[in-house]
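Undergrad: Structure of the sequence below:
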Amino acid sequence: MIRLFANMTAGHIIILALISIIFINKNAAWGALSVPMALFISCLEMLVAVLQAYLFALLSALFIGAAVEEAHH
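TA: Predicted structure coming up:
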């Protein structure tokens, strides 16, 4: 859960940094480079979030299943 939060926060910070390049340089030409890179990072962030949520659910199911299974006699 902490790793998912950290990756989502890092992705948002990178996107904000890429978009802020446009305003720092006060030039719309940087938008031609910054916006596609921000869109790519956003798509990558979604892929990572889905993958980590899937792995978190899978590991939770495995651990819960192992905890509640009956002992072999």
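Undergrad: State the pLDDT value of Leu44.
TA: We have a pLDDT of 91 for Leu44.
Undergrad: what's the distance between it and Gly65?
TA: Separation of Leu44 from Gly65 (Cβ to Cβ, to the nearest Å) stands at 32 Å. C-beta coordinates here come from the backbone N, C-alpha and C atoms, glycine included.
Undergrad: same for the helix or strand of the chain with the lowest mean pLDDT, what does it pack against?
TA: The helix or strand of the chain with the lowest confidence, counting by mean pLDDT, DSSP states H and E, is helix 2-25 at a mean of 87. With contacts taken as 3 or more Cβ pairs under 8 Å, 6 or more residues apart in numbering; DSSP states H and E, helix 2-25 sits against helix 31-68.
Undergrad: packing partners for the helix it packs on?
TA: By 3+ Cβ pairs under 8 Å, 6+ apart, helix 31-68 packs against helix 2-25.
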